[in-house]
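In: Mind looking at a prediction? Sequence and model below.
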Amino acid sequence: MPILSGRCAVLLFACLAFVASAVPESPAVARETRGGSFLSQLGLPWQGSRASSRRARKPATAKKRPAAAKPAARRASKPAAKPAPRPVPKPVAEPAPTPVVETPAPPKRAEAGAPGVPLPPERPRDEPPAPPVETVARAEPDGPTAPEPPKESPEASVPVPPERPDGDARTAALIPKAPLPAEKPAGPAPPDLPLPETSREEDADCRELTSEGVAIFKPAELSDQPEICRTGALVELSGVRRKDGGVVELKPAATLRCAMARVVAAYVRNDLAPAAEASGAKLDAVNVAGSYACRGRNNVSGAKLSEHGRANALDISGFGLSGGRSVGVYAKELPELLGVVVKGAACTRFNTVLGPGSDEAHEDHLHVDLQPRRSNSRLCQWRPD
């Protein structure tokens, strides 16, 4: 009984194996086994003959079913006569990383505008420049409308008012501007040391000038003197008596202070007239280039007050000699002895003497004055011969 049971079991197992091998496997099972069913991997003895019988019937079934319909794993496992080795599972390949495509950034403009404000498109380099405002066509009042200027041109975007028709020209009335007051020239600056201001009766020089009888003069009253140029009593000196009784005229008469008039009279009477007579001529006149004038030094506005502004200076341009001759103060025709005395006596009697070589303003006349100085010094500027 046990033997029969074992044989029955073997037969039953063989039938089951035959049926299992005859039934076609699904593609999913074929892929999992990779070599057929699990019974085919046992290597049973009848599987070899079964496989050959299936290969014999394969051409018939191939006509009914396309070759692509059969799984590739089943075709590979059927011809195996020996048990196929257990396949080693292949390592699953990692999926290839997805390439990251970088989106190119938009090109940056050279000059970024304000945030939120769109920038105008860049003008091509070969594009001709926009015409100026003056050449842009305008709309006539009664004529056709001219084409609008291009939008790309910033100058053309400015609206231009229409031109007035001929005959309708109007001139705007301009409000006349009030004339500005004329700037007063800067007056002279005060001198370093003031001169005494006394009346004619109290001035000792005026009394002596009258008692000496040498000078020919008359009182000078200048009521319109500026305050800075006001000084003591003034006289208008017109002549000086020579020792021989003749008169040396001052042309024109010089307006001087009494102290300056006394020194000028002594210079003409005691120095110039005798020198001219010793040279064989008589001194008839002294040509005056300037005396009183309220101004700055060398006529410079804003400079210190000149001694002429205080009637304390005299400018001599030449001399009149006997016979009607007129000679310049620096002329070569001047008698030599008279020329020597003109210079030497002037530097002795006056506090300031400006002759040739002192400056350009005194190249054509001789300047003498009685400017007071704290050191009581004298100034004699004269180019040496």
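Out: Structure received. All values reported here derive from a predicted model rather than from experimental measurement.

In: how about the helices in the stretch 151-300 of the chain?
Out: Remark: helices assigned in the stretch 151-300 of the chain by DSSP state H, counting those that start in this stretch are 204-212, 258-267, 273-278.

In: Let's have the ones you listed in a markdown table, adding distance to residue 227 and mean neighbour count.
Out: C-betas here are computed from N, CA, C, even on glycine. Formatted as a markdown table, these follow (distance: least, CB to CB, whole Å; neighbours: other CB atoms under 10 Å):
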| stretch | distance to residue 227 | mean neighbour count |
| --- | --- | --- |
| helix 204-212 | 22 | 15 |
| helix 258-267 | 21 | 23 |
| helix 273-278 | 39 | 19 |
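
In: okay if I get these as TSV plus distance to residue 123?
Out: TSV is the format used below for the helices of the stretch 151-300 of the chain (distance: least, CB to CB, whole Å):
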stretch	distance to residue 123
helix 204-212	91
helix 258-267	84
helix 273-278	93
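
In: What spatial separation is found between residue 263 and residue 8?
Out: With distances taken as CB to CB, to the nearest Å, residue 263 is found 181 Å from residue 8.

In: for the helices of the stretch 151-300 of the chain, which one sits closest to residue 351?
Out: Closest to residue 351 of those, according to CB to CB: helix 258-267, at 9.6 Å.

In: what comes into contact with the closest one?
Out: Outside helix 258-267, the residues that touch it by CB atoms under 8 Å, 6 or more residues apart in numbering are 200, 203, 205-206, 208-209, 212, 214-215, 217, 232-235, 237, 240, 254, 256, 311-314, 345-346, 349-350, 368-370.

In: Return the members of those residues classed as buried.
Out: With neighbours counted by 16 or more other CB atoms under 10 Å, the contacts of helix 258-267 contain buried members at 203, 205-206, 209, 214-215, 217, 232-235, 237, 240, 254, 256, 311-314, 345-346, 349-350, 368-370.

In: tell me the pLDDT at residue 330?
Out: Note on residue 330: pLDDT of 93.

In: Now intersect the buried ones among the contacts of helix 258-267 with the strands, please.
Out: Counted as lying in strands by DSSP state E, out of those, are 215, 217, 234-235, 237, 240, 254, 256, 313-314, 368-369.

In: So which of these is the closest to residue 188?
Out: Closest to residue 188, out of all of these and judged by CB to CB, is residue 313, at 13.5 Å.

In: Who does that closest one form a beta bridge with?
Out: With DSSP bridges applied, residue 313 shows beta-bridge pairing to residue 369.

In: how much space between it and residue 284?
Out: Noted for residue 313: a distance of 23 Å to residue 284, by CB to CB.

In: Same check on residue 360?
Out: Taken as CB to CB, the span from residue 360 to residue 284 is 30 Å.

In: again with residue 260
Out: For residue 260, the distance to residue 284 equals 22 Å [CB to CB].

In: Ranking helices and strands of the protein by mean pLDDT, which lands last?
Out: helix 72-77 (a mean of 46; mean pLDDT, DSSP states H and E).

In: Measure how buried residue 230 is and give me the count.
Out: For residue 230, the number of neighbouring residues by other CB atoms under 10 Å comes to 13.

In: Tell me if I'm right that it and residue 195 touch.
Out: No. Counting by CB atoms under 8 Å, residue 230 stays clear of residue 195, with 9.9 Å between them.

In: Domains in this structure, by residue range?
Out: According to automatic domain parsing, the chain is divided into the following domains: 28-57+71-80, 204-381.

In: which of the ones you listed has the lowest average pLDDT?
Out: For these, mean pLDDT drops lowest on domain 28-57+71-80, to a mean of 51.

In: Okay, buried residues for stretch 296-312 please.
Out: Neighbour count says stretch 296-312 has 296-297, 305-312 buried, by 16+ other CB under 10 Å.

In: Same question for stretch 190-202.
Out: In stretch 190-202, counting by 16+ other CB under 10 Å, buried: 191, 195.
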